[in-house]
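Peer 1: Turn this into a model:
(chains A and B)
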Amino acid sequence: MSEWQLETKNLSVGYHGKAMIHDIALGIGKGEIVTLIGPNGAGKSTILKSLFKQLRLVAGTVWIGGADVAQMSYKELSTRMAVMLTERVRTELMTCREIVATGRYPYTGRMGLLTAEDEEIVQNAMEIMRVEDLADKDFNRISDGQRQRILLSRAFCQQPGIIVLDEPTAYLDIRYKLELLDILRHMAREKQITVVMSLHEIDLAQKISDKVICVRGDTIFRCGPPEEIFRDEEVRWLYDLGEDAYDVSFGSVELPRPEGEPEVFVIAGGGSGIPVYRKLQREGVPFCTGILDPGDVDCRLARHLAARVITEKPFCAIRDATLREALEAMRRCRRVIDAGAPVGECNRRITELIEAAKKDGLLETAGEEYR
Amino acid sequence: MNAESKTSAWMTDRLKARSRYLLILLLLAAAFFALAVVNIYSGSVTITPEEVFGVLFRRMGEETAQYRIIWQIRLPRIFLSALLGGALALSGFLLQTFFRNPIAGPYVLGISSGAKMVVALVMINFLERYREVSSSVLILAALFGSLLVTGFILLLSRRLRQMPILLIAGIMVGYICTAVTDFIVTFADDSDIVNLHNWSLGSFSSVGWSNVHTAFWIVSAAFLLTFLLSKPIGAFQMGEAYAQSVGVNIRLLRIAVILLSSILTACVTAFAGPISFVGIAVPFLIKKILRTAKPIIVIPTLFLGGAVFCMLCDLIARTAFAPTELNVSTVTAVFGAPIVILIMLKKHQEY
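Peer 2: Numbers count the residues shown, from 1 in each chain, chains lettered A, B, ... in the order given. The predicted model follows:
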């Protein structure tokens, strides 16, 4: 018996016997959440489809609980693995309860009639996903978020050891995304169900996954805990992003910074600069900002957006040299914006910057438009 | 509401649904018997109720014309229209499930016309040589024709992923087959043409008991098999991938569904010629009134519904312009085509 719930070795997947991605070796434990990330068309779906036998394997083996999937009938597989696909399901005159009940298929008799026990499991699954109020509604007449939860209840009804989900968050707004992932985490932790899915939102993948698998190219394959995977350079490489486009601590991506010599100097700090930076970036105005502490949240964003960032050493009072540098940079700009940074021991001398700008008649105060 | 009262609430809901299914089945059964009775009475020769009763239950007056009319013309015709009506509805339902489209049907996809073409070919050849064609030869010919077209449509469906285009392709195939049939008819002996022409337009007339027997066995076997496939067909309604994920053997199911629908279409075409729109209209109406698409309920109900629909259409065909008899297909088209338009409007609204 293998220690892994799901294991692959030398796995090659692709269409019509042609391998798109080869040498996939995975080991996924019971109750783990594993996420596939990677650019569009990288083959995330191809890998998932191969796992649940919708695609024939090009080479290699997949084991579930130590048993070779290739030797398994679809019926056998269906009691171990449930799926949720990305394409929309179109049904005819089916209530949500009926959809959920289709998950009981592997357990019902010749004619597919539900026993009292089956009914109870169906009811239970809907209660866990908090969709019991939708039970008698037509599946075509509920929202996308509700539909995903119904399909998840259906998968849960199948009582599988593993649930495979192909982009479960597609079509969902941010609230439903969070709700869905929360439910998945609950299933993995409390019910010890292994979750394997593909996600587009790398920030969410970072937050929910025990393991992350990067899919790009044909042989390149990276797999590990999110701490290892989510480094700036790894993510940038995976998605072919430009420099500074991805920030690991924000888990977010940024549009490219405006090019050119700084035209505006922003006096910021303590988060006050963020709305100003964003506005300038939207307007395509290159800017310079300072004087910031390197750990300041303004500084983190400014590194992605600003043409130039003037910083002091961490938690040190602003020194003469730094102030001089900032003054020089400021005098080369046409405008100066005071973002309204809070002033304390360390950055007391930005007031000198503000005074200098006032004297030159360049100072504007960030008004309502930035709040 | 607490959990228990909730549970009992949907239990009562389901009980209500089940009683509705039963009521609909009973109403259809009542319509079936009523139509059977009306069909026995109506026709160019008037027969009194006493005579009908005597002929049917006491087998009185075996030498009389009334006896022959009832036993040799009207009764077999009633049975055949019922059986073939059920068969058409069932084959329509199977094709709609297979192609996941509510306007798929044996006639629209050209399968009926394919069967018709091969039957016409075989008929002409056999009539020239042996002056007679057995029903089993006709059925085999029709089956060959329907499988031929179905196979072609399946090949196309691999290339044409979009359903509307596939349907248009089916209609075109149907036209080609009809053209070939017309060609054959044009060059056939005069003596055969009358028969062939009547048949190729669709009619339940001129059948004997032996045909009814053959049709009965084929149709009931196909019905039973389809009913036994209720469970996988139900899973298939959510799409192929989901069906497979719960353990359905998709390849086997596809083959079974195609074979069953082809056999049913072939049987209808061999005995009554191509009959249009029943396969689309009846499943649609039945699902509408049942308010469900669950195969285990829909399959028996639509079979009965198809029987009732065809008996009604045949009654209209025989009596509306008596003594002139219409083709059944003319009548079914009048009722069926508007329903197809309705379905398309409804689908259009949904998207």
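
Peer 1: make it CA atoms for all contacts and neighbour counts henceforth
Peer 2: Fine.

Peer 1: So which bits of the stretch 251-351 of chain B are right by chain A?
Peer 2: Within the stretch 251-351 of chain B, the residues that sit near chain A (Cα under 8 Å from any Cα of the partner chain) are B:291, B:292, B:293, B:296.

Peer 1: I'd like the distance from residue A:58 to residue A:71, if you could.
Peer 2: 15 Å (Cα to Cα, to the nearest Å).

Peer 1: if we can go back for a sec, what's the closest of the residues of the stretch 251-351 of chain B next to chain A to residue B:205?
Peer 2: Ranked by distance to residue B:205 (Cα to Cα), these are led by residue B:296 at 32.6 Å.

Peer 1: Provide the secondary structure category for the closest one.
Peer 2: Secondary structure, DSSP: H, G, I helix; E, B strand; the rest coil: residue B:296 is helix.

Peer 1: so what's it closest to, chain neighbours aside?
Peer 2: residue B:230 (5.2 Å; Cα to Cα, 6 or more residues apart in numbering or on different chains).

Peer 1: Tell me if I'm right that residue A:150 and residue A:100 touch.
Peer 2: Yes - counting by Cα atoms under 8 Å, residue A:150 does reach residue A:100; the two are 6.4 Å apart.

Peer 1: what's the overlap in contacts for the two?
Peer 2: residue A:126 (Cα atoms under 8 Å, 6 or more residues apart in numbering or on different chains).

Peer 1: Let's see which of the residues of the stretch 251-351 of chain B next to chain A end up in strands.
Peer 2: Of these, none are assigned to strands by DSSP state E.

Peer 1: In a markdown table: those, plus pLDDT.
Peer 2: Output for these, formatted as a markdown table (pLDDT from 0 to 100):
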| residue | pLDDT |
| --- | --- |
| B:291 | 89 |
| B:292 | 90 |
| B:293 | 90 |
| B:296 | 94 |
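
Peer 1: Keep only those of the residues you listed that are in helices.
Peer 2: The helices, defined by DSSP state H, take in residue B:296 from those.

Peer 1: Columns neighbour count and distance to residue A:293 on top of the residues of the stretch 251-351 of chain B next to chain A, output as a markdown table?
Peer 2: Listed next are those as a markdown table, based on neighbours: other Cα atoms under 10 Å in any protein chain shown; distance: Cα to Cα, whole Å:
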| residue | neighbour count | distance to residue A:293 |
| --- | --- | --- |
| B:291 | 16 | 67 |
| B:292 | 17 | 66 |
| B:293 | 20 | 66 |
| B:296 | 19 | 71 |
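
Peer 1: what number of residues lie near the closest residue in space to residue A:295 that isn't next to it in sequence?
Peer 2: Spatially, and ignoring its direct neighbours in sequence, residue A:295 is nearest to residue A:314 (6.9 Å; Cα to Cα, 6+ apart). A count of nearby residues for residue A:314, using other Cα atoms under 10 Å in any protein chain shown, gives 12.

Peer 1: Over to the one 3 residues further on?
Peer 2: Neighbouring residues of residue A:317 were enumerated by other Cα under 10 Å; the total is 15.

Peer 1: What strand or helix carries it?
Peer 2: Here residue A:317, judged by DSSP states H and E, is contained in no helix and no strand.

Peer 1: Wait, a strand at residue A:27?
Peer 2: Yes - looking at residue A:27 with three-state DSSP, it is inside a strand.

Peer 1: and it, what are its bridge partners?
Peer 2: On the basis of DSSP bridges, residue A:27 is bridged to residue A:7.

Peer 1: contacting residues around it?
Peer 2: Residue A:27 sits next to A:4, A:5, A:6, A:7, A:8 when contact means Cα under 8 Å, 6+ apart.

Peer 1: can you pull the pLDDT of the fourth one?
Peer 2: Reading off the per-residue confidence, residue A:7 sits at a pLDDT of 91.

Peer 1: Comparing residue A:58 and residue A:71, which residue is more hemmed in?
Peer 2: Neighbours were counted for residue A:58 and for residue A:71 using other Cα under 10 Å; residue A:58 has more, 19 against 10.

Peer 1: Can you name the residues of the stretch 1-150 of chain A sitting close to chain B?
Peer 2: The stretch 1-150 of chain A has residues A:52, A:54, A:73-79, A:81-83, A:89-94, A:102-103, A:105-106, A:110-112 near chain B, with proximity defined as Cα under 8 Å from any Cα.

Peer 1: Pull out the buried members of these.
Peer 2: A:52, A:54, A:74-75, A:77-79, A:81-83, A:91-94, A:102-103, A:105-106, A:112 (16 or more other Cα atoms under 10 Å in any protein chain shown).

Peer 1: Skipping adjacent residues, who's closest to residue B:329 in space?
Peer 2: Once flanking residues are discounted, residue B:329 sits nearest to residue B:275: 4.8 Å by Cα to Cα, 6+ apart.
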